[in-house]
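Enquirer: return atomic coordinates for the entry below.
(3 chains)
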Amino acid sequence: MVAIFGLLTDFGDRDPYRGQLASVLLRRNPSCQILDLSHQVDPHNIPQGAFFLRASWPWLPRGCIVLAVVDPGVGSSRDIVLLRSRREYVLAPDNGLLDLLLRDVSPDGLWRLGTKRYSGASSTFHGRDVFAPLAADLAEGRDPDRLGERLAGQDLVRLPFGEAEVEGNRLEARVLHVDRFGNCVLNIPESAWKNVFGGRDGADLLEPVSVFVTLVRAYNDIPPGSAGLLPGSQGYLELAVDRASCAERLGLESGDRVVLRL
Amino acid sequence: MVAIFGLLTDFGDRDPYRGQLASVLLRRNPSCQILDLSHQVDPHNIPQGAFFLRASWPWLPRGCIVLAVVDPGVGSSRDIVLLRSRREYVLAPDNGLLDLLLRDVSPDGLWRLGTKRYSGASSTFHGRDVFAPLAADLAEGRDPDRLGERLAGQDLVRLPFGEAEVEGNRLEARVLHVDRFGNCVLNIPESAWKNVFGGRDGADLLEPVSVFVTLVRAYNDIPPGSAGLLPGSQGYLELAVDRASCAERLGLESGDRVVLRL
Amino acid sequence: MVAIFGLLTDFGDRDPYRGQLASVLLRRNPSCQILDLSHQVDPHNIPQGAFFLRASWPWLPRGCIVLAVVDPGVGSSRDIVLLRSRREYVLAPDNGLLDLLLRDVSPDGLWRLGTKRYSGASSTFHGRDVFAPLAADLAEGRDPDRLGERLAGQDLVRLPFGEAEVEGNRLEARVLHVDRFGNCVLNIPESAWKNVFGGRDGADLLEPVSVFVTLVRAYNDIPPGSAGLLPGSQGYLELAVDRASCAERLGLESGDRVVLRL
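Expert: Predicted coordinates for the structure are as follows:
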């Protein structure tokens, strides 16, 4: 079986970091597949990284081992955790990066990994020096129980904000991510499309600006000059305008608050 | 034989979109090769995407299946078309993306693909939900005639502008692309180097500014402080200056008009 | 054995250049591994490219063939050189790109390659038209002695500046690279951590601004609001501040001068 390593980091592309991480994996396993999920999580933006991981999860190739490295605490005493579900693995620092995934996915196993044996590791680049060797060990069939000790989901660090909640007719949400096209992914799970918005044709945006938002299925269906709310393709609802940047139009950035009146 | 999927999109790199597209391909075929041709076509810039496709075509590995996804009309009724030439395939929306390629390449086959069986697809991300499964089907040897119906090249949507044309001693062209180094690729095919510019040592640029342009073979041969026109490496002529940005010097962007007097 | 090609270029990602380079390699060898070390060396920034190569070297997979293409002189008479060390190869223009690597690594062989047989090559894109076929030849076992003639390390072009030097209690260094997080990699090799800074707890930065710099092991250990100097993970010492951009704080860019008083 081909080992497939999925890389999700905030390394960006201007540095040799992604290349060195991939090098170490190829050095251990010259026949592996390297799957770049994304390296463009904003530096240290853990909620955004959690969204990328959650959004990419349903599409992963079977047996994929994800290295999720958004790790502002690198070199401190934060733990590295391992999640297994189906046949897939995720390695991540214990800092909230698994939060959104664990709201929907019941893991078969969760481990807190000892990293002492990587004593030669740099203090600043655990992606290359700790995550990559751990991932290569897993690909070679190493038993997670020999790499660390089991823990329960409730022991993990959580995000400062999780999913949006309805209070009365008011829905307060956060922007998880602004995509290249200016679409704003909100922390409103897709299930709300039916449960909360079912039977409606729109909602009033109260913050950051006052405007009516039409419920649509495709970007093309958003009335010219106005804003739309749609299920998107990432497991969460998106604010968008047709063929223009919604983020620019409404002045939104990742992490911003959005308030809707139903 | 190794299946090779070539990816050409306007997804950029700040989103999880490219990763999910690659995930679906690897899920279907864990041993495939993913060849990133480019994900940095400007959002919705179809002429630029058509240029990238045309420029990359001569170098494709044998049997490569290209997914060309620059698709502002995603979710509308636009068709998906399939082109086969030699042993290579291109999947693209019917929006002009194949225009420049079809000026030089005679396809062995062209099909309009039915996409109804992908009824579970999102309305916003056909790259992942429709193009990728179609490409995986082709890699497994599916007969294109079973995926859709034949059509003729003249039935395809064309670009608003194609190749530059000479009128008298005047040549009106467009900037197809500004590269990282500021070189401006024009929609003047390389054949014009001999047919139009043969025997000359330069030409007068009339728009966007008045300046003499030297005909050269290499960036190094452009006289310091002046501009050059050269065959480049992409199948079209390029405006350039040596070790500086021609686009900045002349104020040019993708899509801009350029007028030369011969 | 799987052929592994490592790509290190200043092509960036907005152009079809990286895709065409990878295409040619896959065309010659459909089962090869393409390892993107980086394509984001600043255009024509040879010292930065030399740093990327030196920093990536220790992590390369066995037998990796690196194509190092930062090549402002493309199309001129500059030579292409080949370095072999252990089982790895590096192909590079003779312009200083190998300088930092050769300060630490003793090659088993160095060759000046004839490129005349690539007479059909473009004058502007030797990465695709010359480096890629040469690399494919090497992967197929071609003897370097049949590709060119041996030369000695001292015959190679050097960088305008190499490694930092101590004069009295003054250390004058250069910024090799500013990373995504704003950390500034200096041309002070890691060995200086012990040889020059051993037993100290800090140093006085004199240029570009006057400030005390604490010696630390991890970004987390830098006192809030101040600057730190640490071994980093790239083989050179780095100037950094915790969870903020050191480059912005101190006004530093790649190539800038930094002066420390011990």
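
Enquirer: contacts and neighbour counts: CA atoms only from here.
Expert: OK.

Enquirer: among the helices and strands of chain A, which one scores worst on average pLDDT?
Expert: Using mean pLDDT, DSSP states H and E, strand A:165-167 stands out as the lowest-scoring helix or strand of chain A, at a mean of 90.

Enquirer: partner strands of the helix or strand that that one is followed by, parallel or antiparallel?
Expert: With elements assigned by DSSP states H and E, the helix or strand that comes after strand A:165-167 is strand A:170-178. Partners of strand A:170-178 in the sheet, by DSSP bridges, are strand A:165-167 (antiparallel), strand A:184-189 (antiparallel), strand A:257-261 (antiparallel).

Enquirer: which one, of these, ends up nearest to C:R86?
Expert: strand A:184-189 (48.7 Å; Cα to Cα).

Enquirer: which residues sit against the closest one?
Expert: Defining contact as Cα atoms under 8 Å, 6 or more residues apart in numbering or on different chains, one finds that strand A:184-189 is touched by A:162-164, A:173-179, A:235-240, A:246-247, A:252.

Enquirer: change it to 6 Å
Expert: A:163-164, A:174-178, A:236-239 (Cα atoms under 6 Å, 6 or more residues apart in numbering or on different chains).

Enquirer: following that strand, which helix or strand comes up?
Expert: Using DSSP H and E, the helix or strand that follows strand A:184-189 in sequence is helix A:192-195.

Enquirer: how about that next one, does it get close to chain B?
Expert: No. Using Cα under 6 Å from any Cα of the partner chain, we find that helix A:192-195 stays clear of chain B, coming within 13.7 Å at best.

Enquirer: what residues of that helix count as buried?
Expert: For helix A:192-195, the neighbour count (16 or more other Cα atoms under 10 Å in any protein chain shown) marks A:192-193 as buried.

Enquirer: CA atoms of that helix as CSV?
Expert: Output in CSV follows, covering the C-alpha atoms of helix A:192-195 (Å, rounded to 0.1, in the frame of the first residue of the first chain):
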residue,chain,number,x,y,z
ALA,A,192,-28.1,24.8,9.8
TRP,A,193,-29.1,25.3,6.2
LYS,A,194,-32.1,23.0,6.9
ASN,A,195,-32.5,23.3,10.7
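
Enquirer: would you map out the domains in chain A?
Expert: What automatic domain parsing lists as the domains of chain A is A:4-155, A:165-261.

Enquirer: looking at those, which is buried most?
Expert: Among these, domain A:4-155 has the highest mean neighbour count (mean count of other Cα atoms under 10 Å in any protein chain shown), at a mean of 20.

Enquirer: show the residue spans covered by the helices in the stretch 1-150 of chain A.
Expert: Assigned by DSSP state H, counting those that start in this stretch, the stretch 1-150 of chain A shows helices spanning A:17-28, A:46-56, A:99-104, A:126, A:132-139, A:144-147.

Enquirer: quick check: angle from the fifth one to helix A:17-28?
Expert: Right, helix A:132-139. Put simply, helix A:132-139 runs at 40 degrees to helix A:17-28, going by axes from the mean of the first three to the mean of the last three Cα atoms, to 10 degrees.

Enquirer: for the stretch 51-200 of chain A, which residues are neighbours of chain B?
Expert: Contact residues (Cα under 6 Å from any Cα) of the stretch 51-200 of chain A with chain B: A:56, A:59-61, A:179.

Enquirer: closest to A:V196 out of the strands paired with strand A:170-178?
Expert: Across those, the minimum distance to A:V196, taken as Cα to Cα, is reached by strand A:165-167, at 8.4 Å.

Enquirer: does A:R84 touch A:G109 like I think?
Expert: Yes. Assessed by Cα atoms under 6 Å, A:R84 is found in contact with A:G109 at 5.1 Å.

Enquirer: before we move on, the earlier item: between the strands paired with strand A:170-178, which gets the lowest average pLDDT?
Expert: Mean pLDDT is lowest for strand A:165-167 out of the strands paired with strand A:170-178, coming in at a mean of 90.

Enquirer: tell me how far it is from the chain's mean position?
Expert: For strand A:165-167, the separation from the chain centroid amounts to 23 Å (computed by Cα atoms, centre = their mean, to the nearest Å).
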